[in-house]
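Peer 1: everything below, folded, please.
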Amino acid sequence: MADAERKLSNGKSRIDFQTDPSKYRHWKLEVDGEVATLLMDVDEKGTLFEGYELKLNSYDLGVDIELADAVERLRFEHPQAKVILLRSAKPRVFCAGANIRMLAGATHAHKVNFCKFTNETRNGIEDASAFSDQKYICVVNGTAAGGGYELALACDHIMLVDDGSATVSLPELPLLAVLPGTGGLTRVTDKRKVRRDHADVFCTTEEGVKGKRAVDWRLVDEIMPRSSLDQKVSERVQVVAAKAAPRNGTGIALTPVARKRSADSNEYRYVSVEITRENRLATMTLRGPENAPPADADAMAKQGAAFWPLAIARELDDAILDLRLNELEIASIVFKSIGTPQAVRDYDTFLDSNAKHWLAREIRLKWKRVLKRVDMTSRSLVTLIEPGSCFAGTLAELIFAADRSYMLIGQVQGDNRPPATIALGEVNFSGLTMSNGLTRLATRFLDDEDRVDGARAAIGRDLDAEDAEQLGLVTFALDDIDWEDEVRVFLEERASFSPDALTGMEANLRFAGPETMETKIFARLTAWQNWIFQRPNAVGPEGALPRYGSGQKPNFDMKRV
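Peer 2: You can find the predicted model right below:
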């Protein structure tokens with residue numbers, strides 16, 4: 001088992017989730033009118049960490065960071081694109097999946113977070129298809145193994161060359177003693193509707209499935225000879241593009257997210273992160289808008305990435321990812337806010353009134369994805385609603401996403417800021433759904449429509465602490481006498497518990513209600529894969545991952561537990 005994380009390449013000290021096409025080493029993004037092409041051409045030497053090479057279009061987290069960026073840019077910078085072709089630039093190989101040398105030498109925390117991020121990226125592809133009508137066609141020109149096939153599974157349509165050697169496979173179980181960790185098992189059955197017995201054969205066959213059987217078993221949608229590949233791709237693109245809705249509007253540039261880091265802080269324009277290491281605590285403060293909303297949708301588009309709802313969403317996303325991968329000792333994240341609730345509500349009203357504009361739609365969808373990222377973060381989450389806060393509408397979702405929330409009653413002696421309030425909006429009852437398909441309020445009041453209706457009736461009111469507690473919107477409303485002690489005891493207690501047990505508990509409690517493909521994927525990652533990644537059969541000195549490619553067979557503990 002790897003005891004220490006490999007060194008990051010090029011002398012870096014932190015994993016950075018910001019990039020742009022000019023910096024890509026593994027992908028080429030080409031846009032030609034309504035058709036875009038994402039060409040996978042992984043640089044073998046362009047690894048995130050030292051100690052391995054990315055051969056055969058295998059990938060590490062750095063490759064997926066670029067892919068996630070490209071998917072995001074297609075939505076914001078190229079809204080005219082109806083069809084996205086996912087292809088390989090390497091002959092007779094599509095993608096060999098997650099790099100095994102990377103996995104074998106990675107810490108347990110990195111393996112789990114790697115799988116989580118790649119899942120979120122693939123969910124983002126499916127989200128773009130469902131809500132932005134950007135359809136993805138995957139062209140498998142050779143071997144698509146493990147994570148390579150899982151990348152294809154995220155697409156709407158899979159085309160496979162039928163040349164006697166091109167295959168799709170999920171060989172993780174027989175080769176590595178782990179699971180297809182980026183949703184492979186779930187998408188095969190729940191999305192592709194592959195029969196259970198066929199899926200059993202497929203997931204235990206190293207060499208995979210090819211040709212007509214791949215179509216018959218629903219593993220791919222169509223096959224064609226290599227000689228007619230380009231013609232068939234062109235025909236499929238025309239069919240898919242013809243079904244897509246008409247496009248209008250010009251994209252905006254996703255300019256870099258500005259930030260200033262120090263050893264214990266991360267400062268953005270609208271988000272501040274302060275780390276108190278002795279308490280294993282990160283405090284994230286979100287700032288409300290500084291100006292009124294623009295006059296109209298054209299003015300919003302002119303502001304582009306600087307438009308407050310989009311700017312703060314991107315900053316929050318970057319801050320959460322940074323804590324996930326670079327601050328593993330943090331036990332809890334505390335959310336606070338500063339600003340005027342009415343100013344936040346004004347921006348929500350503006351987005352509501354421009355809901356048919358493509359950019360307003362994409363901003364709301366971005367917030368949905370960012371909040372899901374918060375939901376999926378394995379830290380205890382607590383929101384503190386204090387005087388001067390602006391938890392209204394969209395920002396109020398951070399109250400409902402938290403494991404607990406505390407709201408201060410009235411004012412603190414010597415503090416002239418107005419008492420804390422919460423303001424709900426229509427956005428809290430639609431659109432910003434969780435992975436279970438429900439809003440956070442519907443999940444909070446599961447099978448209790450009266451409580452949901454009671455909260456909806458409060459739209460437009462500034463709710464003080466007693467009101468919020470009575471409506472069930474916060475966990476506790478406390479006066480200033482009890483405030484500091486109650487919050488301190490909670491945070492100290494949380495930092496003393498087993499991180500593993502907390503991750504399991506929180507992941508279970510956050511996703512009450514119906515099962516969806518997304519909840520299954522992340523539950524399996526949190527529970528099954530998390531456990532498997534710690535078992536000697538996978539990562540022990542005689543396990544499958546360390547011995548892969550060595551010529552030595554793994555030595556398994558054969559007890560079934």
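
Peer 1: ok, now how distant is F17 from I320?
Peer 2: 10 Å (Cβ to Cβ, to the nearest Å). In short, each C-beta sits where N, CA and C put it, glycine included.

Peer 1: look at the two and report which has more neighbours.
Peer 2: I320 (23 against 20; other Cβ atoms under 10 Å).

Peer 1: so where do the helices sit in the stretch 451-561 of the chain?
Peer 2: For the stretch 451-561 of the chain, the helices defined by DSSP state H, counting those that start in this stretch occupy 465-470, 480-496, 499-510, 517-524, 530-532, 536-539, 544-547.

Peer 1: ok, which stretches of the stretch 51-200 of the chain are strands?
Peer 2: 83-88, 93-95, 135-140, 143-145, 157-161, 168-169 (DSSP state E, counting those that start in this stretch).

Peer 1: now for the last one, which elements pack on it?
Peer 2: With contacts defined as 3 or more Cβ pairs under 8 Å, 6 or more residues apart in numbering; DSSP states H and E, the packing partners of strand 168-169 are strand 143-145, helix 147-153.

Peer 1: out of the ones you listed, which is closest to E506?
Peer 2: helix 147-153 (25.6 Å; Cβ to Cβ).

Peer 1: other residues contacting that closest one?
Peer 2: 57, 59, 86, 94-98, 118, 122, 138, 140, 144, 158, 168-170, 180-184, 187-188, 191-192, 208, 220 (Cβ atoms under 8 Å, 6 or more residues apart in numbering).

Peer 1: among the residues you listed, name the buried ones.
Peer 2: Buried subset of these (neighbour count, 16 or more other Cβ atoms under 10 Å): 57, 59, 86, 94-98, 118, 122, 138, 140, 144, 158, 168-170, 180-184, 187-188, 192, 208, 220.

Peer 1: give the contact list for the residue nearest to the spatial centre of the chain.
Peer 2: Nearest to the mean C-alpha position of the chain, by Cα atoms, centre = their mean, lies E120 at 3.2 Å. Residues in contact with E120, defined by Cβ under 8 Å, 6+ apart, are A68, R369, K372, R373, M376.

Peer 1: buried members of these into PyMOL, please.
Peer 2: This is the PyMOL syntax for the buried subset of the contacts of E120, where burial follows 16+ other Cβ under 10 Å:
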select buried, resi 68+369+372+373+376
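
Peer 1: for P256, state which of the contacts of E120 is nearest.
Peer 2: For the contacts of E120, the nearest to P256 is A68 (15.2 Å; Cβ to Cβ).

Peer 1: just the pLDDT for the closest one.
Peer 2: A68 is assigned 98 on the pLDDT scale.

Peer 1: next one: E53
Peer 2: For E53, pLDDT reads 97.

Peer 1: pretty sure it contacts V42?
Peer 2: No - taking Cβ atoms under 8 Å as the definition, E53 is not a contact partner of V42, at 9.8 Å.

Peer 1: in terms of neighbours, single out the busier of these two.
Peer 2: Set E53 next to V42 and count neighbours by other Cβ under 10 Å: V42 wins out with 27 against 15.

Peer 1: list the residues that contact the more buried one.
Peer 2: R25, H26, L54, N57, S58, Y59, V63, K90.

Peer 1: just the buried members of those residues?
Peer 2: H26, L54, N57, S58, Y59, V63, K90.

Peer 1: wait, doesn't the fifth one sit right on C95?
Peer 2: Yes - under the contact definition of Cβ under 8 Å, Y59 touches C95, with a separation of 7.0 Å.

Peer 1: ok, of the contacts of V42, which one's closest to E327?
Peer 2: So of the contacts of V42, ranked by how close each gets to E327 (Cβ to Cβ), first place is V63, at 22.8 Å.

Peer 1: tell me the pLDDT at that closest one?
Peer 2: With respect to pLDDT, V63 has a value of 98.

Peer 1: isn't it right next to E44, touching?
Peer 2: No - contact criterion Cβ under 8 Å: V63 and E44 do not qualify, at 11.2 Å.

Peer 1: overlap of the contact sets of these two?
Peer 2: Joint contacts of V63 and E44 (Cβ under 8 Å, 6+ apart) are L54.

Peer 1: where does pLDDT dip in the chain?
Peer 2: Under the criterion pLDDT under 70, the flagged ranges of the chain are 1-4.

Peer 1: looking at it, which helix is longest?
Peer 2: The helix that spans the most residues within the chain, counting by DSSP state H, is helix 108-131.

Peer 1: list the buried residues of that helix.
Peer 2: For helix 108-131, the neighbour count (16+ other Cβ under 10 Å) marks 110-129 as buried.

Peer 1: could you dump the strands of the stretch 51-200 of the chain into JSON lines and include distance to G504?
Peer 2: Formatted as JSON lines, the strands of the stretch 51-200 of the chain follow (distance: least, Cβ to Cβ, whole Å):
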{"stretch": "strand 83-88", "distance to G504": "34"}
{"stretch": "strand 93-95", "distance to G504": "32"}
{"stretch": "strand 135-140", "distance to G504": "33"}
{"stretch": "strand 143-145", "distance to G504": "31"}
{"stretch": "strand 157-161", "distance to G504": "34"}
{"stretch": "strand 168-169", "distance to G504": "31"}
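
Peer 1: tabulate the helices and strands packed on strand 168-169 in TSV, adding columns for distance to I252.
Peer 2: Shown next, in TSV, are the helices and strands packed on strand 168-169 (distance: least, Cβ to Cβ, whole Å):
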stretch	distance to I252
strand 143-145	34
helix 147-153	27
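
Peer 1: those: which one's closest to P79?
Peer 2: helix 147-153 (23.0 Å).

Peer 1: and I275, which of the three is it?
Peer 2: Secondary structure assignment for I275 (DSSP: H, G, I helix; E, B strand; the rest coil): strand.

Peer 1: I appreciate the help and will end here.
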